[in-house]
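>>> Sharing a sequence plus its predicted fold:
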Amino acid sequence: MARDIRITRVDITPIAFRDGPLLNAAGIHEPWALRSIVQVETSDGRVGISETYGDEPMLRVLRQAVPLVTGLSPFDLNTMEQRVRAAIRPAADAVEFELAPGSHAAKNASKVVSTFEVAMLDLQGQIVGAPIVDLLGGKVRDAVPYSAYLFFKYAEHIDRPYAPDAWGEGISPEQIVEQARRMIRLYGFRSIKLKGGVFEPAHEIACMRALHEAFPGLPLRLDPNANWSLETSIAAARELDELLEYYEDPCPGLAGMAELQKHTRLPLATNMVITTMEDFRKGVPMGSARVLLSDHHYWGGLRVTQTLARMCELWGLGMSMHSNSHLGISLMAMTHVAASIPNLTYACDTHYPWQEEEVIEGGRIRFVDGSVPVPSTPGLGVRLDAARLAELHEQYLRCGVRNRDDLSQMRRYQPEFSGKSPRF
Ligand SMILES: O=C([O-])C(=O)C[C@H](O)[C@@H](O)C(=O)[O-]
Ligand SMILES: [Mg+2]
């Protein structure tokens, strides 16, 4: 009987993979991005997999959860969640890295629940012979659209730990347009997002204008990650009005975003001010966002993401997905849940084009016309490549990065870099 199958072992493997010198409001990406790969083994010899954040505090709480899930059936998602929520409590409302809500310690329990939920759904799918999307009610689309996620960037990392990537420098409007052209040529994306909050707003607006001219009709978004004051955001909204499909987290706080929304007809989107149910209860009635960027990694899993989609429907909000540097296991989890959500109103974010390495069998996931086809094979539809996992774990051991710190990395380029937010 399927119900007799038990979880007998959990392996948590931190990995590091090459990441570009990508600029953001906090600073710059380090040469190595961290993730954790979780393998959940069953009494009948199956292995379910999951991918999540790889910083040290995350590794600690993942390890804390191992005895809580061992012995459960892969179908016991609710018991897993209750156990994790009872045992893993945030010490404080700590925020380790503001731009990545996944590093907020206050979300520890949700992050751990999400990690095990994905691995257990992968197991359930393998046991019943169905893709995860079928366990979520079935697909409403055959492929999930993603957007071209552009970054301002340097041509190479400061200490040149490895050969520079093929993307070159991305600073001027011409270079940003060229970056978009290359990404669209390689992946076929049909919408474009620029990570802003890096340079003077006038420069970033000029880049959006250049993108608009180079790709007429393609939906555009700009995300300054709350690095613009309310006043700056209001002034910029006038210039961005004709250019954007949505305006993502220009200024900080629920109140700031709600005030800004009164001054612009552009829908405001967020993955910063609404990242918990409590934020939703407060922020949505205030009008702080009209588009929610969900992220199963910190909201608590794929099923919570579906709940969030219903809440967005109820409140008349648009919905899309946020990402951080990630590999193919996360991409597939996003794809399964996104395929099950009717009101996914915008193409999802993904950092995937910036990652060259993989841990899954068969190498990199294929995009078709900017979308990832929804798998029809059992479970997640991807398997771990043990040799690649071992190599990326070796990289983790050697690289020296243990917690993402874009600010300290930026100070290696510019010792006087304040990191103050909002900076403009
Ligand atoms: O939409 C967002 O806010 C992000 O993708 C946050 C990320 O941390 C991004 O800024 C990055 O990777 O530098
Ligand atoms: Mg964002």
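Cool, the structure landed. Source: prediction; values computed, not measured. Ligands and ions are numbered 1, 2, ... in the order given.

>>> Contacts only, for the residue in the stretch 301-424 of the chain that ligand 2 sits nearest to.
Closest approach between the stretch 301-424 of the chain and ligand 2, counting by CB to the ion: residue 322, at 5.7 Å. All C-beta atoms are positioned from the backbone trio N, CA, C, and that covers glycine. Residues near residue 322 by CB atoms under 8 Å, 6 or more residues apart in numbering: 101, 271, 293, 294, 295, 349.

>>> any chance of the residues you listed in CSV, with distance to ligand 1 and pLDDT too?
Shown next, in CSV, are those (distance: CB to the nearest ligand atom, whole Å; pLDDT from 0 to 100):
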residue, distance to ligand 1, pLDDT
101, 8, 64
271, 5, 97
293, 7, 98
294, 12, 98
295, 9, 98
349, 6, 98
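
>>> Pull out the buried members of the residues you listed.
Among the contacts of residue 322, those classed as buried by 16 or more other CB atoms under 10 Å are 101, 271, 293, 294, 295, 349.

>>> filter these down to the ones close to ligand 2.
residue 271 (CB under 5 Å from the ion).

>>> and which of the buried ones among the contacts of residue 322 is nearest to residue 164?
Of all those, residue 164 sits closest to residue 349, with 24.2 Å by CB to CB.

>>> Any idea how far apart the tips of stretch 409-423 sit?
18 Å (CA to CA, to the nearest Å).

>>> center of the chain, which residue is that?
residue 323 (1.6 Å; CA atoms, centre = their mean).

>>> That residue reaches residue 350, doesn't it?
Yes. Assessed by CB atoms under 8 Å, residue 323 is found in contact with residue 350 at 5.0 Å.

>>> Tell me the residues that contact both of these two, please.
Common neighbours of residue 323 and residue 350 (CB under 8 Å, 6+ apart) are 149, 334.

>>> Quick one: name the residues of the chain near ligand 2.
So the chain meets ligand 2 at 223, 248, 271 (CB under 5 Å from the ion).

>>> Mind doing that once more with 6 Å?
223, 225, 248, 249, 271, 322 (CB under 6 Å from the ion).

>>> Just those residues: which are in strands?
223, 248 (DSSP state E).

>>> what's residue 195 in contact with, if anything?
Contacts of residue 195 (CB under 8 Å, 6+ apart): 22, 23, 24, 149, 150, 151, 152, 223, 225.

>>> go on, residue 132?
121, 122, 124, 125, 302, 333, 336, 337, 379, 380, 381.

>>> The stretch 251-400 of the chain: helices as residue ranges?
254-261, 277-286, 296-299, 302-315, 328-339, 386-399 (DSSP state H, counting those that start in this stretch).

>>> how close does the residue of the stretch 301-424 of the chain closest to ligand 2 get to residue 4?
As judged by CB to CB, to the nearest Å, residue 322 and residue 4 stand 38 Å apart.

>>> now residue 292
40 Å.

>>> can you check residue 58 too?
32 Å.

>>> One more: residue 342?
Counting by CB to CB, the gap from residue 342 to residue 4 is 35 Å.

>>> higher neighbour count, the two?
residue 342 (12 against 8; other CB atoms under 10 Å).

>>> Tell me which residue of the stretch 101-250 of the chain lies closest to ligand 2.
Counting by CB to the ion, the stretch 101-250 of the chain gets nearest ligand 2 through residue 223, at 4.3 Å.

>>> Can you name the residues bridging to the residue nearest to that residue when sequence neighbours are not counted?
In space, and not counting its chain neighbours, residue 223 is closest to residue 248: 3.8 Å by CB to CB, 6 or more residues apart in numbering. Counting by DSSP bridges, residue 248 is bridged to residue 269.
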